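Participant: no letters, just coordinates:
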């Protein structure tokens, strides 16, 4: 998920930078465009310090985490606070998710049946970590609506794509070009959750929203808020940094 | 006098009587045996549905059974509730905490249902400890042991002595994780339990889930499982408002339907067999009455009242029926006893079948149920009376003059 935010923002931001007219392109052009841009950023790395606040009807908690990403398929996040869970880490390699538990000093691979489960107790799922970065591969994109201020992009799953959602709708602001809201629908086209973006900042030469909230619609009194405290792009990172062995170290 | 006459009449045609008698005996005995085996199968199913997992009655928050909500917990003290202790029908009670999470060994992980139990309590409610196929069951002093289903153990590739990690989200939102040591592996034949259930010590799970001193349910064993629903209703009036007692009939509605359909099929079975037997008896007595027209004519001519003749013939059938009953029930009892003690093992031909929440084991085994003797016995007597009624009427309605002239 953490990669997802900068990645998505980068993607959309890239669209602006390149000045590519979303409106004129036919569907195939739009896809080609997004794929090009996604791949253009392959190999770009990032490091972030973030705070995740999760509130459910039964408890509330705040986690401080550090994360690293390389390309779109390598991602590592480690809990710093609270002390009880310090060192709990998640590694995403391609389409696999691994968790490291320092208390028992074990690495656990999340099985396919649990990919829809909650990640670190939040309203973000393991699937989000894995599949959000492949939206343009797994979905057909279409420009739904366009105004002076916003664009609305609809994503419908490709027939055989291994997707979780029945439909995803992106609301993208134009100035600056950042996501404002993403609506997730299940296979029955029922709105399941909404992701909203705030706190738009300039980070280096990019503009990204630093705060993102996940609102599950089946539990109206619950939400997860992720706030990026620090975000640095293009730091030197090796692929070996994202190995199972390095997951258990530190 | 009439009875002695009737008894003597029976043996005037020994072969015919014996043939009818044997038909009655065999039908009664076979019916008793079949019903016993039927009941045995049914008992296996009910036992697997209740005694391997849920218990006969479960006390929990009212919708816990459907939702399995982690937060629907109750105080541990509920196990020793006065309502339970004061009810003599309650023979065992076990406080349990339930957690869902990931059980992991090496690179493989499996989603699992973890049941936190106190081994000494659980042994008195379910029979899971009897299905341990390797290793041992948990004992009361165990701190971090786990007993898991065979399918689960196979998928995780573990044997007794191996270590497992359990990860879940605790009630306070934190990531609960800890090590467990495999103590034993059970194989019940019910795939849902064998592939997805594991037992751990209650205090261990309470600590992991951050639910100290809490349980989700109290599983109760009762002396008479078939009366569990009634007892649950009675318990409900004595329990706190936030606790609901549910009998297995409510927990496993499919199982209740199986019983209802069993009762119906039992009656159909009895009816079919006894219609055949009844026709046999009817035939015998019609023949006997036809052959004895002259005799009845003499009796009537001598002043015997028609109702006495009718009573005599009815007495004959009743005597035959009673004789068949004694021999048939004895024979049926012996056959049932054999099937109870020895039974027939079918495991080489079929595998266990899970149906309606219960498992039908690959064996034929009979049990003694009073109904299975009463129903055939009473029906046999009724059928012999019914079958004797027409011939008796005919005999009583004879005109002495016509009857005497016959031959």
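Facilitator: Thanks, I have it. Note that the structure is a prediction, hence the values are computed from the model and not measured.
Participant: check what pLDDT the nearest residue to residue B:74 once chain neighbours are set aside gets.
Facilitator: Distances taken as Cβ to Cβ, 6 or more residues apart in numbering or on different chains put residue B:215 closest to residue B:74, at 5.8 Å, once the chain neighbours are dropped. No exception for glycine: its C-beta is placed from N, CA and C like everyone else's. At residue B:215, the predicted lDDT confidence score is 92.
Participant: give me phi/psi at residue B:215?
Facilitator: Per-residue torsions, residue B:215: phi -140, psi 160 (degrees, to the nearest 10).
Participant: residue contacts, residue B:401?
Facilitator: residue B:297 (Cβ atoms under 8 Å, 6 or more residues apart in numbering or on different chains).
Participant: rerun at 10 Å
Facilitator: Residue B:401 is in contact with B:297, B:300, B:301, counting by Cβ atoms under 10 Å, 6 or more residues apart in numbering or on different chains.
Participant: from residue B:122, how far out is it?
Facilitator: Separation of residue B:401 from residue B:122 (Cβ to Cβ, to the nearest Å) stands at 82 Å.
Participant: ok, now residue A:215?
Facilitator: On the measure of Cβ to Cβ, residue A:215 and residue B:122 end up 42 Å apart.
Participant: the more surrounded of these two?
Facilitator: residue B:122 (26 against 15; other Cβ atoms under 10 Å in any protein chain shown).
Participant: average pLDDT across stretch B:42-54?
Facilitator: Rounded mean pLDDT across stretch B:42-54 is 79.
Participant: check stretch A:194-211 too.
Facilitator: In this model, stretch A:194-211 carries a mean pLDDT of 84.
Participant: could you look up the next helix or strand downstream of the helix ranked longest in chain B?
Facilitator: Longest helix of chain B, by residue count under DSSP state H: helix B:253-291. Using DSSP states H and E, the helix or strand that follows helix B:253-291 in sequence is helix B:293-301.
Participant: tell me which other helices or strands the next helix or strand after that following helix touches.
Facilitator: Per DSSP H and E, helix B:293-301 leads on to helix B:306-341 as the next helix or strand towards the C-terminus. In terms of contacts (3 or more Cβ pairs under 10 Å, 6 or more residues apart in numbering or on different chains; DSSP states H and E), helix B:306-341 is packed against helix B:2-10, helix B:14-49, helix B:253-291, helix B:293-301, helix B:370-396.
Participant: just put those in JSON lines and tack on mean neighbour count and distance to chain A.
Facilitator: Compiled in JSON lines, these are given as follows (neighbours: other Cβ atoms under 10 Å in any protein chain shown; distance: least, Cβ to the nearest Cβ, whole Å):
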{"stretch": "helix B:2-10", "mean neighbour count": "15", "distance to chain A": "72"}
{"stretch": "helix B:14-49", "mean neighbour count": "20", "distance to chain A": "25"}
{"stretch": "helix B:253-291", "mean neighbour count": "16", "distance to chain A": "25"}
{"stretch": "helix B:293-301", "mean neighbour count": "18", "distance to chain A": "81"}
{"stretch": "helix B:370-396", "mean neighbour count": "19", "distance to chain A": "45"}
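Participant: export the ones you listed to a markdown table and tack on distance to residue A:70?
Facilitator: Below are the helices and strands packed on helix B:306-341 laid out as a markdown table (distance: least, Cβ to Cβ, whole Å):
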| stretch | distance to residue A:70 |
| --- | --- |
| helix B:2-10 | 100 |
| helix B:14-49 | 52 |
| helix B:253-291 | 53 |
| helix B:293-301 | 109 |
| helix B:370-396 | 73 |
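Participant: in contact with the closest residue to residue A:119 other than its chain neighbours, which residues?
Facilitator: Of all residues not flanking residue A:119 in the chain, residue A:126 sits nearest, at 5.2 Å (Cβ to Cβ, 6+ apart). For residue A:126, the residues meeting the contact criterion (Cβ under 10 Å, 6+ apart) are A:1, A:90, A:92, A:96-97, A:99, A:110-112, A:114-120.
Participant: try residue B:328
Facilitator: Counting by Cβ under 10 Å, 6+ apart, residue B:328 touches B:21-22, B:24-32, B:321, B:373, B:376-377, B:380.
Participant: residue B:154 now?
Facilitator: If you count contacts by Cβ under 10 Å, 6+ apart, residue B:154 has them with B:185, B:194, B:195.
Participant: okay, now the residue nearest to residue B:74: neighbour count?
Facilitator: Neighbours around residue B:215, by other Cβ under 10 Å: 26.
Participant: put the buried members of the contacts of residue A:126 into a PyMOL selection.
Facilitator: The PyMOL selection below is limited to those of the contacts of residue A:126 classed as buried (16 or more other Cβ atoms under 10 Å in any protein chain shown):
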select buried, chain A and resi 1+90+92+96+97+99+110+111+114+115+117+118+119+120
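Participant: and the contacts of residue A:126, which is closest to residue A:160?
Facilitator: Within these, the smallest distance to residue A:160 is 16.5 Å, found for residue A:112 (Cβ to Cβ).
Participant: look up how far chain B lies from that closest one.
Facilitator: As for residue A:112, its distance to chain B is 10 Å (criterion: Cβ to the nearest Cβ, to the nearest Å).
Participant: same question for residue A:185.
Facilitator: From residue A:185 over to chain B the distance is 25 Å, taken as Cβ to the nearest Cβ.
Participant: look up phi and psi at the residue in chain A sticking out farthest from the centre.
Facilitator: Each residue of chain A has a distance to the centre, and by Cα atoms, centre = their mean the biggest one is for residue A:104: 28.5 Å. Dihedral angles of residue A:104 (phi, psi; degrees, to the nearest 10) stand at phi -110, psi 0.
Participant: tell me the one of the contacts of residue B:328 nearest residue B:238?
Facilitator: Residue B:238 lies nearest to residue B:373 out of these, by Cβ to Cβ, at 36.0 Å.
Participant: please tell me I have it right and the closest one contacts residue B:326.
Facilitator: No - using Cβ atoms under 10 Å, residue B:373 is not in contact with residue B:326; the gap is 12.0 Å.
Participant: intersection of neighbour lists for those two?
Facilitator: Contact criterion Cβ under 10 Å, 6+ apart; residues bridging residue B:373 and residue B:326 by contacting each: residue B:28.
Participant: shaky segments in chain A?
Facilitator: Applying pLDDT under 70 to chain A flags the ranges A:1-43, A:131-133, A:249-250.
Participant: and if you look at the stretch 51-200 of chain B?
Facilitator: By pLDDT under 70, the stretch 51-200 of chain B has no low-scoring segment.
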